[in-house]
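A.B. asks: Below are the sequence and a predicted model; questions follow.
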Amino acid sequence: MRTLCASTLIGEFFVIGFAGLVAMKDPDLSMATVWTVSGIAMVLSILLCGVITRPGGVQLGWAFQIALIASGFVLPAMFFMGAIFAALWWASVHYGRKIDEAKARFAAQAEAGGNAA
């Protein structure tokens with residue numbers, strides 16, 4: 001699960017950076033504000049990669065997805081991008097857990113087969 005979720009978060013890192021470039025063109029937003037918010041969000045996406053497997057890590061990831069969708073109120077294209085990444089986050093968590101279960105099952109079978117010999 002960690003690899004899939006981290007891949008999603010790294011993708012979000014780049015999307016947030018590109019969204020910051022687009023948001024700079026908005027005359028109502030100062031460059032300092034755009035890059036402060038974008039920079040914090042980019043750092044959070046990297047830090048979340050390290051806490052995915054810890055208790056509450058997946059829930060923090062969901063909170064991050066909600067924040068990404070909510071950024072659409074500032075940059076409307078982020079409604080779409082946030083929804084795409086929320087779907088990717090769901091798939092990463094769902095299928096990542098299935099992969100982890102399968103790996104554990106195969107490891108248990110290999111260990112049981114090794115002990116029988």
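C.D. replies: That came through fine.
A.B. asks: What is whichever strand or helix holds residue 47 packed up against?
C.D. replies: For residue 47, the host element (DSSP states H and E) is helix 31-51. Applying 3 or more Cβ pairs under 8 Å, 6 or more residues apart in numbering; DSSP states H and E, one finds that helix 31-51 makes contact with helix 2-23, helix 57-70. Where C-beta positions appear, they are placed from N, C-alpha and C, glycine not excepted.
A.B. asks: How about the secondary structure of residue 93?
C.D. replies: helix (DSSP: H, G, I helix; E, B strand; the rest coil).
A.B. asks: Go through the host helix or strand of residue 78 and flag the buried ones.
C.D. replies: Counting by DSSP H and E, the element that carries residue 78 is helix 77-116. Buried residues in helix 77-116, counted by 16 or more other Cβ atoms under 10 Å: 78, 81-82, 85-86, 88-89, 92-93, 96.
A.B. asks: Give me the angle between it and helix 31-51.
C.D. replies: 20 degrees (axes from the mean of the first three to the mean of the last three Cα atoms, to 10 degrees).
A.B. asks: I'd like the average pLDDT over helix 77-116.
C.D. replies: Averaged across helix 77-116, pLDDT comes to 91.
A.B. asks: now swap in stretch 21-32 and tell me
C.D. replies: Mean predicted confidence for stretch 21-32 is 94.
A.B. asks: The helix holding residue 78 - contacts with which helices or strands?
C.D. replies: Short answer (3+ Cβ pairs under 8 Å, 6+ apart): helix 77-116 packs on helix 2-23, helix 57-70.
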